[in-house]
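Trainee: quick check, what structure comes out for this input:
(2 chains)
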Protein chains: 2
Amino acid sequence: MSPEEFRKFGKQVVDWIADYHAGIESHPVRSQVGPGEVRQRLPEHPPEEGESFEQVLADLDRVLMPGVTHWQHPSFFAYFPANATGPAILGDLLSSGLGVQGMVWATSPACTELETVVVDWLAELLGLPAHFRTDAAGGGVIQDSASSAVLVACLAALERAGGGQVARRGITARHVLYASAHTHSSLERAARMVGVGADNVRIVDVDPSTLAMDPAHLDALIRADLAAGAVPTMVCATIGTTSTTAIDPVRAIGEVCREHGVWLHVDAAYAGVAAVCPELRWINDGVAEFADSYCTNPHKWLLTNFDCSVLWLADRAPMIDALSILPEYLRNPATASGEVIDYRDWQVPLGRRFRALKLWSVLRWYGAAGLREHIRGTVGLAREFASWVREDPRFALLEPHPFGLVCFRPEFPGVPVEQANERTMRLMESLNDSGEVYLTHTKVDGRVLLRFAVGSPRTERRHVEAAWRRVRDAVDAAS
Amino acid sequence: MSPEEFRKFGKQVVDWIADYHAGIESHPVRSQVGPGEVRQRLPEHPPEEGESFEQVLADLDRVLMPGVTHWQHPSFFAYFPANATGPAILGDLLSSGLGVQGMVWATSPACTELETVVVDWLAELLGLPAHFRTDAAGGGVIQDSASSAVLVACLAALERAGGGQVARRGITARHVLYASAHTHSSLERAARMVGVGADNVRIVDVDPSTLAMDPAHLDALIRADLAAGAVPTMVCATIGTTSTTAIDPVRAIGEVCREHGVWLHVDAAYAGVAAVCPELRWINDGVAEFADSYCTNPHKWLLTNFDCSVLWLADRAPMIDALSILPEYLRNPATASGEVIDYRDWQVPLGRRFRALKLWSVLRWYGAAGLREHIRGTVGLAREFASWVREDPRFALLEPHPFGLVCFRPEFPGVPVEQANERTMRLMESLNDSGEVYLTHTKVDGRVLLRFAVGSPRTERRHVEAAWRRVRDAVDAAS
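Mentor: Below is the predicted model:
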């Protein structure tokens, strides 16, 4: 494709996206296709001769769009938001257009240096400690996801706990990781991937009212493991769990970790970005003093399209010890000088995109003020939705709800729990089948809760009101 | 950013990229900045108020571009190519614009189903076996990189070798992986990450003339490990090593693996895509019969921008056993039905972009015929360059060179090896410092070789000729 053809088709694609975003409410939020429907409409074999780009765009509309769930729809309240805003999309487009590799500094210095700058900027915006900066012993890096971030943190923790021998000798002791039943599944997945094993993840009790990890139980578990000859290696505390946005007591957990020399990873994938607002910075209490690593995802609530998850470390050395190998074909004078960062040693893959461009573009377009406005708008809408739920006796509300997620359930008085759960699930499926709104669910104490997650910059008060109306109507219909 | 602002700035970015590609030869190939130069020119703090997108573009030109190494430059002959073509960039832009998550089928069915179709298409284009298809026991998936692919393969291999207990119990035996000194460093990195440990990677001898793995030595190593009570778990064979594009004898290695029940992963990251040409399909001899997993990267030589690495498995079950966890908030009727693929169980992260769009766009724009033409063009240019090297008595050429990479070195008669190596490195640095051309190096048998990797669709015969002229001039200057 020549530059002139790219200019022509590129503008068609830009128009397509602008039109899509402008008209996004004309689509059902959740795709209504069944398994195999999209596939059936695609050719079984690849084309022998090249086709025009117009044909690709036509098939996008005709074949693919019915199978797309519209994560950018203002009535998408499922999972967590995954904001893809204009400046992010354009920053990402520049990254694709430049097509550089940032595996080591030398392969494109700007790719590495801009990344260092924007993760330092973000740390400042969130009030994170100075020792998370690369010019101290720590440093930040953009990962594809919080799953990869916790994996990298776990490898660093193993390297430290194993006296710098695990990467070389492998797992030779019984290492133990600690989480609660509300910790994201990526922690258990990391345990499976690094050779620790799911059986060596201890589930720490939570406070039944706040669903937050119990530091006293954590301490007891660690002591029992030490007594049994195991190696307590990493605790994963969560600020804003996926299920209900519960907040673990990082300070008290940190004190336990420090006493026993255990790595503290803080997973603030969804909620951490809320700290752009000074009034929400309390969520990070204890992080500065105790966190060995900390992760939050601009690609969820902070207006940056996937993938952009930022991991900071208080001390980058054990991570680099775990991950660095320097084959001959990657040796270069800058790496040898020790004056540069080679981010390949900070992640699972070797290659890396110029992902800093999209975060840079977002931080500049919105500015700190714009980011705060977005977070506050979300929290305000969620609070309003929660107030409606609270006032309606047909519903039970899970409190507190400090961010954009509200968990609630319809009450079915006199109906046994299992049946009430089934009815709640059917109610949710009927809402989602309508195409007007999309919610997901979780389960707490054996009870199904509906998750209503606000967070798109396109979501206005009217969308939240309409969703609430639909939920009430569905309950009316089910009663 | 409103849809109308996106339309305006999006077209500016498209023009910027079209102009960049049209004028790419005006830039020095390798960035000429020193460590910290880009960072110094960026503000220390993020902006309080939002800025205009024009300012972002202006700083891109002013601050970042001097720090960019131009991987898309027709005189970029370093590492391996990382083609970012128009249709790929636009496919990726559509993915950003849609902003969907493909972690499970239900979160956007088209994202999963198109991926299955395009990896099946690619398998067909490369002549890979039918059992690599998802409708058989196997299946293909797009990973970010071959590093992640070998990690996933290794986790599957461990699960199989450990009787389905490793993900649950962790590493409790001494598992051993096998590679040659020419295997990509990602294999050792996988060993470090999965808890096997770098010390448990056996380095199999290579044939000194072809640099290909010696199956007899592999067999001897496996037997010795078995006798010592270790668990031989995975062999990584390479089709087209990073250093010199050597080809391991997959069939003979596969016979050894089969005899001992060891997983065979085939890393064809760079060279695998060459099999779009029937006359190059011999490189995959033995893959159909013996490979448990196979990886090749369209994001290197097959015109698709990073990240797009395809991993196929002959049997997906052990991978899914190793990686699948189903938390409540991801449960959904489609997953429960078993009728759909949830690609989150096929990779390290949970979240995933709609990466299939860019590969789909590339396969349709070029068609099979266009892809073959591109591969043949590269191989032809490399062969011509090699013929010039071979005919010039001042140079030694490494044979064979079946793909787009030519390894060679200037001869410095009578000069001791170490000094000759230093001179070769200085010669390469002087070429790279010129900004006219960019090469990298490797080391074989203690000797530095220059790596000249053709592969960009922008590289014409005149660029290869000019590069050869510059190499000869540099040798003249150094003599």
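
Trainee: what's the helix or strand for the nearest residue to A:Gly370 once chain neighbours are set aside?
Mentor: Spatial nearest neighbour of A:Gly370, excluding adjacent residues (Cβ to Cβ, 6 or more residues apart in numbering or on different chains): B:Gly50 at 4.8 Å. Where you see a C-beta, it was placed from the backbone N, CA and C, and this is true even at glycine. In the assignment (DSSP states H and E), B:Gly50 maps to no helix and no strand.

Trainee: and the pLDDT for B:Gly50?
Mentor: At B:Gly50, the pLDDT value in this model is 98.

Trainee: could you do A:Ser337 as well?
Mentor: 82.

Trainee: contacting residues around it?
Mentor: B:Pro35 (Cβ atoms under 8 Å, 6 or more residues apart in numbering or on different chains).

Trainee: which residue does the stretch 51-200 of chain A have closest to chain B?
Mentor: A:Gly195 (1.9 Å; Cβ to the nearest Cβ).

Trainee: now do A:Ala227 against chain B, distance only.
Mentor: The spacing between A:Ala227 and chain B, counted by Cβ to the nearest Cβ, to the nearest Å, is 20 Å.

Trainee: what's the burial count for that residue?
Mentor: Residues within reach of A:Ala227, counting by other Cβ atoms under 10 Å in any protein chain shown, total 8.

Trainee: A:Asp476 now?
Mentor: Neighbours of A:Asp476 using other Cβ under 10 Å come to 9.

Trainee: check it and give its pLDDT.
Mentor: 90.

Trainee: near chain B, which residues of the stretch 301-450 of chain A? Just list them.
Mentor: A:305-307, A:322-323, A:325-330, A:333-334, A:337, A:339-340, A:348-353, A:360-361, A:363-370, A:429, A:440-443 (Cβ under 8 Å from any Cβ of the partner chain).

Trainee: show me where the stretch 151-300 of chain A has strands.
Mentor: A:175-180, A:201-204, A:231-238, A:263-267, A:293-296 (DSSP state E, counting those that start in this stretch).

Trainee: follow-up on the earlier one: dump the residue contacts of the residue nearest to A:Gly370.
Mentor: Per Cβ under 8 Å, 6+ apart, neighbours of B:Gly50: A:Arg364, A:Trp365, A:Tyr366, A:Gly367, A:Ala369, A:Gly370.

Trainee: and the contacts of stretch A:181-192?
Mentor: Residues contacting stretch A:181-192 (Cβ under 8 Å, 6+ apart): A:145-147, A:150-151, A:154, A:177, A:179, A:196-198, A:200-201, A:203, A:206, A:211, A:236, A:238, A:241-244, A:246, A:267, A:269, B:155, B:166-168, B:170, B:322-323, B:325, B:327, B:330, B:350.

Trainee: drop anything exposed from those.
Mentor: Among these, those classed as buried by neighbour count (16 or more other Cβ atoms under 10 Å in any protein chain shown) are A:145-147, A:150-151, A:154, A:177, A:179, A:196-198, A:200-201, A:206, A:211, A:236, A:238, A:241-244, A:246, A:267, A:269, B:155, B:166-168, B:170, B:322-323, B:325, B:327, B:330, B:350.

Trainee: pull the contacting residues for A:Val68.
Mentor: Contacts of A:Val68 by Cβ under 8 Å, 6+ apart are A:His27, A:Ser31, B:Leu98, B:Val100, B:Ser108, B:Pro109, B:Ala110, B:Cys111.

Trainee: coming back round to it: closest one to B:Asp120 out of the contacts of B:Gly50, please.
Mentor: Of all these, B:Asp120 sits closest to A:Trp365, with 39.7 Å by Cβ to Cβ.

Trainee: isn't that closest one up against A:Pro87?
Mentor: Yes - if you go by Cβ atoms under 8 Å, A:Trp365 and A:Pro87 touch, sitting 3.7 Å apart.

Trainee: identify the contacts common to the two.
Mentor: B:Met1, B:Phe53, B:Val56.

Trainee: how about the first one, nearest residue that isn't a chain neighbour?
Mentor: Nearest residue to B:Met1 in three dimensions, chain neighbours excluded: A:Gly86, at 2.9 Å (Cβ to Cβ, 6+ apart).

Trainee: the contacts of stretch A:181-192 in helices, which ones?
Mentor: A:Ala146, A:Ser147, A:Val150, A:Leu151, A:Cys154, B:Leu155, B:Val166, B:Ala167, B:Arg168, B:Ala322, B:Leu323 (DSSP state H).

Trainee: from A:Ser145, how far off is the fourth one?
Mentor: Just to be clear, that refers to A:Leu151. 9 Å (Cβ to Cβ, to the nearest Å).

Trainee: next one: the fifth one
Mentor: Here the criterion is Cβ to Cβ. By it, A:Cys154 lies 14 Å from A:Ser145.

Trainee: do the same with A:Val56
Mentor: For A:Val56, the distance to A:Ser145 - Cβ to Cβ - is 28 Å.

Trainee: and for A:Pro43?
Mentor: Taken as Cβ to Cβ, the span from A:Pro43 to A:Ser145 is 32 Å.

Trainee: for A:Asp61, same thing?
Mentor: From A:Asp61 to A:Ser145 the distance is 30 Å (Cβ to Cβ).

Trainee: so A:Gly446 makes contact with A:Arg409?
Mentor: No - using Cβ under 8 Å, A:Gly446 makes no contact with A:Arg409, being 11.8 Å away.

Trainee: which of the two has more residues huddled nearby?
Mentor: A:Arg409 (22 against 8).

Trainee: give the bridge partners for that one, please.
Mentor: Counting by DSSP bridges, A:Arg409 forms beta bridges with A:Ala396.

Trainee: packing partners for the longest helix anywhere in chain A?
Mentor: Scanning chain A for the helix with the most residues, using DSSP H, yields helix A:356-391. Here helix A:356-391 touches helix A:86-98, helix A:109-125, helix A:298-301, strand A:395-397, strand A:405-410, helix A:461-478, helix B:53-59, going by 3 or more Cβ pairs under 8 Å, 6 or more residues apart in numbering or on different chains; DSSP states H and E.
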